[in-house]
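Chemist: only the shape, not the letters, is given here:
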């Protein structure tokens, strides 16, 4: 069973919004940091945002501050990524990931990964 499942990607016009979801199941993530990363074709995987499993301490990459909000619904064991004012540079596959302990912006530190959800922003 895949412990992290993303959803919510799609095609959106520039300036639009999307909300991505990451549902955790079959795995206890207490003590973990939950992160969102993205990867565009031909580029490295890039940190977007992270939050503690408790729902506290959100942290953002400078490139998305003010446009993207990470949050967590503890009752649903789901992490969300609300993305506003999207532009074509946001086009990528977005991945949810989990690592034990404190936050990291390095994707290599994360132990669990979802399958990814595609976000395409049309100009």
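Modeler: Arrived safely, thanks for sending. What you see is a predicted model, and the numbers here were worked out from it, not measured in a lab.

Chemist: contacts and neighbour counts: CA atoms only from here.
Modeler: Will do.

Chemist: what strand or helix carries the residue nearest the centre of the chain?
Modeler: Nearest to the mean C-alpha position of the chain, by Cα atoms, centre = their mean, lies residue 36 at 2.5 Å. Per DSSP states H and E, residue 36 falls inside strand 32-39.

Chemist: in the protein, which spans are strands?
Modeler: Along the chain, the segments classed as strands by DSSP state E run 4-7, 10-13, 18-24, 32-39, 46-52, 59-60, 68-73, 78-83, 92-100, 112-113, 117-122.

Chemist: nearest to residue 106, out of those?
Modeler: strand 46-52 (7.0 Å; Cα to Cα).

Chemist: quick one: list the elements packing against the closest one.
Modeler: Packing partners of strand 46-52 (3 or more Cα pairs under 8 Å, 6 or more residues apart in numbering; DSSP states H and E): strand 32-39, strand 59-60, strand 68-73.

Chemist: 10 Å instead, please
Modeler: strand 32-39, strand 59-60, strand 68-73, strand 78-83, strand 92-100 (3 or more Cα pairs under 10 Å, 6 or more residues apart in numbering; DSSP states H and E).

Chemist: quick one: buried residues of the third one?
Modeler: In this case it means strand 68-73. Within strand 68-73, the residues that count as buried by 16 or more other Cα atoms under 10 Å are 68, 69, 70, 71, 72.

Chemist: got a list of what the fourth one touches?
Modeler: When you say that, I think you mean residue 71. Residues near residue 71 by Cα atoms under 10 Å, 6 or more residues apart in numbering: 21, 34, 49-53, 55-58, 78-82.
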